[in-house]
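Engineer: my questions are about this predicted structure, shown below with the sequence.
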Amino acid sequence: VTILRAGAGEAPYDILLGPLDEAGPRLTALSRGRALPLVTDAHVFALHGDRLKALVAVEPILVPEGEAAKHWDVLAQLLGDFSRLDVTRDTPIIAFGGGSIGDVAGLAASLFKRGCPIVHIPTTLLALADSAIGGKTAIDWDNQKNLVGTFHQPSLVIADSALLDTLDARQLRAGYAEIVKYGLIDDLAFFAWCEANGAALIAGDQTLRHAAIEHCIAAKLRLVAGDIEDRSGARAQLNLGHSFAHAIESASGLGALLHGEAVAIGLCLAFGFSVELGLCRVADETRVARHLALIGLPTRLDEIGLSGRGDDLLDAIRRDKKAGPEGIALVLARGIGQAEIFRAIDPRRLAQFLAEAV
Ligand SMILES: NC(=O)c1ccc[n+]([C@@H]2O[C@H](COP(=O)([O-])OP(=O)(O)OC[C@H]3O[C@@H](n4cnc5c(N)ncnc54)[C@H](O)[C@@H]3O)[C@@H](O)[C@H]2O)c1
Ligand SMILES: [Zn+2]
């Protein structure tokens, strides 16, 4: 087991990279003899619940699969269940599943009695490499992604890439889009690594999966460290492609596309608009789209029936959390590995770009 330490903020936490079974003593110590509330879905629980139950006593709380978990009613259900189970302020809640479960369980944990500890045991590539780290929690509201949420850092993250053996190829590819994002933000060498190894990673290579997850976790810890609450701009780079992605998810109906699929197109649009503004070379845009397409991810709006919906996309981007008093803010790129936040984006140029984007 490799232990990474998230050092920033008031409450540092450990990330255990390695077999779930070896995390038994840590879970037992946290549980202090009581059964821990375990937020998961029926699919994940059926596949991997026994391994967890063998380590620590749990009280399973099942929520819907996928994006549907990030719903007000599910949040309310969780709070009711915590109350029924007599959860105290120091009872750790376990989130066992993909990013959607981590997001809603994290939010419920942060609200219940003004905050209980949350332990993330991510089971998707996306959650292992990205969403279990950093402490953002959310549900969707008013057809907008992550509109309601908090910052609530985990007490412990257990990252076992072997759990991915049961994940289907579509989910793996979607998670991989977030992995590529880390190369595009500030790490050209890692993007080149992805070009060389991405296909084998998706196909099942354990060593490559583990390496990519460890690399992305370390990168996320570094990007989040100076800007825990996403205010000063360092952390904002993690949103590369995401203003577009969230707009795509809203326009196609939340849950219709996988988040990572929307991110793949969003990354291409971010590079496309960067080229349009003269920030970035066409060759870099082409290289990004070529790699994502090779993996089998969507890279164009027309692949998902959203070309010609520029107005809807612009509308959603205007309501994005990054928008501030100066207007629309977007993370764009001067090249692969050179993401930057740009504020006061000219809405007419963005409207034109979105109207013509295919
Ligand atoms: N908080 C953050 O920082 C952050 C970062 C990135 C993404 N997100 C959010 O994460 C969500 C996407 O998460 P996701 O991509 O993990 O998908 P998900 O959680 O929405 O769905 C995962 C699906 O895969 C299944 N599954 C999970 N683990 C499995 C396994 N090991 N074997 C077989 N099936 C398994 C689940 O039953 C579910 O159907 C989005 O809502 C996105 O906004 C949050
Ligand atoms: Zn994302």
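Structural biologist: Sure thing, it's come through. Since the structure is predicted, the reported quantities are computational estimates derived from the model, not experimental observations. Ligands and ions are numbered 1, 2, ... in the order given.

Engineer: list the contacts of Asp130.
Structural biologist: For Asp130, the contact set (C-beta atoms under 8 Å, 6 or more residues apart in numbering) comprises 99, 175, 178-179, 181, 216, 220. Every residue, glycine included, has its C-beta placed from N, CA and C.

Engineer: ugh, wrong one, Asp103
Structural biologist: 69-70, 131, 136-139, 146, 149.

Engineer: and the helix or strand where it lies, which residues are buried?
Structural biologist: Using DSSP states H and E, Asp103 sits in helix 99-111. Buried positions in helix 99-111, judged by neighbour count with 16 or more other C-beta atoms under 10 Å: 99-111.

Engineer: those also near ligand 1: which ones?
Structural biologist: 99-101, 103 (C-beta under 6 Å from any ligand atom).

Engineer: need those in CSV with pLDDT, can you?
Structural biologist: Formatted as CSV, those follow (pLDDT from 0 to 100):
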residue, pLDDT
Gly99, 98
Ser100, 98
Ile101, 98
Asp103, 98
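
Engineer: returning to that earlier point: next, the angle from the helix or strand following the helix holding Asp103 to helix 99-111.
Structural biologist: Using DSSP H and E, the next helix or strand after helix 99-111 towards the C-terminus is strand 118-122. Calculated by axes from the mean of the first three to the mean of the last three C-alpha atoms, to 10 degrees, strand 118-122 forms an angle of 180 degrees with helix 99-111.

Engineer: and after strand 118-122, which helix or strand comes next?
Structural biologist: helix 125-126.

Engineer: check which helices and strands the helix or strand that that following helix is followed by is in contact with.
Structural biologist: Counting by DSSP H and E, the element after helix 125-126 in chain order, helix or strand, is strand 136-141. Strand 136-141 sits against helix 72-84, helix 99-111, strand 144-151, with contacts defined as 3 or more C-beta pairs under 8 Å, 6 or more residues apart in numbering; DSSP states H and E.

Engineer: quick one, strands of this structure?
Structural biologist: Taking DSSP state E, the strands of the chain run over residues 2-6, 13-17, 36-40, 58-62, 93-97, 118-122, 136-141, 144-151, 156-159, 328-333, 339-345.

Engineer: how far off centre is the fourth one?
Structural biologist: Okay, so that is strand 58-62. The chain centroid and the centroid of strand 58-62 are separated by 23 Å under C-alpha atoms, centre = their mean, to the nearest Å.

Engineer: quick one: strands adjacent to it?
Structural biologist: With DSSP bridges as the test, strand 58-62 is paired with strand 36-40 (parallel).

Engineer: the inter-axis angle of the strand it pairs with versus helix 72-84?
Structural biologist: 160 degrees.

Engineer: before we move on, the earlier item: out of the helices and strands packed on strand 136-141, flag the one nearest Leu30.
Structural biologist: Closest of these to Leu30 is helix 99-111, at 13.1 Å (criterion: C-beta to C-beta).

Engineer: CA atoms of that closest one as CSV?
Structural biologist: This file holds the C-alpha atoms of helix 99-111, laid out as CSV (Å, rounded to 0.1, in the frame of the first residue of the first chain):
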residue,chain,number,x,y,z
GLY,A,99,-18.4,9.9,-8.4
SER,A,100,-22.2,10.4,-8.1
ILE,A,101,-22.2,8.4,-4.8
GLY,A,102,-19.2,10.3,-3.5
ASP,A,103,-20.8,13.6,-4.3
VAL,A,104,-24.2,13.0,-2.7
ALA,A,105,-22.8,11.0,0.3
GLY,A,106,-20.2,13.7,0.8
LEU,A,107,-22.9,16.4,0.8
ALA,A,108,-25.1,14.5,3.2
ALA,A,109,-22.2,13.9,5.5
SER,A,110,-21.2,17.6,5.4
LEU,A,111,-24.7,18.7,6.4
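
Engineer: that helix: how far from the chain's middle?
Structural biologist: 12 Å.

Engineer: please list the residues of this protein that sit near ligand 1.
Structural biologist: 41, 43-44, 47, 65-67, 70, 97-101, 103, 123-124, 126-127, 130-131, 134, 136, 145-146, 163-164, 166-167, 171, 174-175, 259-260.

Engineer: buried members of the residues you listed into ChimeraX, please.
Structural biologist: The ChimeraX command for the buried members of the residues of the chain next to ligand 1 (criterion: 16+ other C-beta under 10 Å) is given here:
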select :41,44,65,66,67,70,97,98,99,100,101,103,123,124,126,127,130,131,134,136,145,146,163,164,167,171,174,175,259,260
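
Engineer: so where do the helices sit in the stretch 251-358 of the chain?
Structural biologist: 259-276, 282-295, 310-318, 347-356 (DSSP state H, counting those that start in this stretch).

Engineer: for the closest residue to Ile248 other than its chain neighbours, what are its contacts?
Structural biologist: Leaving aside its sequence neighbours, Ile248 sits nearest to Ala262 (C-beta to C-beta, 6 or more residues apart in numbering; 4.4 Å). Residues near Ala262 by C-beta under 8 Å, 6+ apart: 244-246, 248-249, 252.
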